[in-house]
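A.B. asks: Next comes the sequence, and after it the predicted model I'd like to discuss.
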Amino acid sequence: MRHSIIVTFAAACAALPTLPASAGDAGPSVERGHTVAIVSGCHDCHSAGYMESGALDPATALAGAGLGFRGPWGTTYASNLRLVAAERDESEFVEHLRTLKTRPPMPYFNLHAMPEADMRSLYLYIRSLGEPGEPAPAAVPPGEEPTTPYIVFAPPTMPAG
Ligand code: HEC
């Protein structure tokens, strides 16, 4: 009896199609990348004005932001991810995301946990966004005054530089 149940189960498994890389996804796609960018928070910082409004402007989506994040590390600006993608092929982009280490408040450690299929989708989505445009302002060293608007982060335990 027990033996026949196992055989039936094994036969059913053999009939299953290949499982998708992530839930509800048949493989990397622009559409999935669009969802990933929203749900994992990339637009919040990398798309100018998005955090304030929740409105995604296709002209500026992931093209970087001029609002600085000032803290013990200086003042950083969310990079233009269109340029980051344009300078790399898909595999190089995945490798970059996997090994990325930046100053705050970029949550690079969260990015390391992103499934590869989602990184590939993100790449396809970013490349679909159009002209890369200009880089975000360069980071300003600690102690120097930024020339742009900025948000102050002043947690006492954050690392410098
Ligand atoms: C809280 C704001 C914030 C969020 C959320 C955020 N980023 Fe960033 N990101 C930044 C800032 C600021 C920098 C620049 C850090 C620096 O200069 O050291 C950055 C840098 C980066 C870089 C490095 C750019 C380069 O030149 O190589 C990549 C790649 C990146 N972010 C991807 C992402 C992705 C993908 C997401 C979504 C999963 C995301 N970021 C979410 C703020 C953010």
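C.D. replies: Yep, that arrived.
A.B. asks: Would you mind confirming that Gly33 makes contact with Tyr123?
C.D. replies: Yes. With contacts counted by Cβ atoms under 8 Å, Gly33 reaches Tyr123, the gap being 7.1 Å. (C-beta placed from N, C-alpha, C; glycine too.)
A.B. asks: So which residues on the protein come close to the ligand?
C.D. replies: For the chain, the residues in contact with the ligand (Cβ under 6 Å from any ligand atom) are 40-42, 44-46, 69, 76-79, 81, 84, 97, 100, 102-103, 105-107, 111, 122, 139.
A.B. asks: how does it look with 8 Å?
C.D. replies: By the rule Cβ under 8 Å from any ligand atom, the part of the chain lying against the ligand is 36-37, 40-46, 69, 73, 76-79, 81, 83-84, 96-97, 100, 102-108, 110-111, 114, 122, 136, 139.
A.B. asks: taking these one by one, which sit in helices?
C.D. replies: Among the residues of the chain next to the ligand, DSSP state H puts 36-37, 42-46, 81, 83-84, 96-97, 108, 110-111, 122 in helices.
A.B. asks: low pLDDT regions in the protein?
C.D. replies: Low-confidence segments of the chain, defined by pLDDT under 70: 1-25, 155-161.
A.B. asks: for it, what spans make up the strands?
C.D. replies: 68-71, 74-76, 150-152 (DSSP state E).
A.B. asks: Buried residues of the last one, list them for me.
C.D. replies: I take that to be strand 150-152. Tyr150 (16 or more other Cβ atoms under 10 Å).
A.B. asks: who does it pair up with?
C.D. replies: With DSSP bridges as the test, strand 150-152 is paired with strand 68-71 (parallel).
A.B. asks: hmm, back to that, winner for burial among the strands of the chain?
C.D. replies: Comparing the strands of the chain by mean neighbour count (mean count of other Cβ atoms under 10 Å), strand 74-76 ranks first with a mean of 23.
A.B. asks: hang on, the earlier thing: could I get the strands of the chain in TSV, plus columns for distance to Pro58?
C.D. replies: TSV is the format used below for those (distance: least, Cβ to Cβ, whole Å):
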stretch	distance to Pro58
strand 68-71	24
strand 74-76	25
strand 150-152	25
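A.B. asks: Is Cys45 in contact with Pro105, as I believe?
C.D. replies: Yes. Applying Cβ under 8 Å, one finds Cys45 in contact with Pro105, separated by 7.4 Å.
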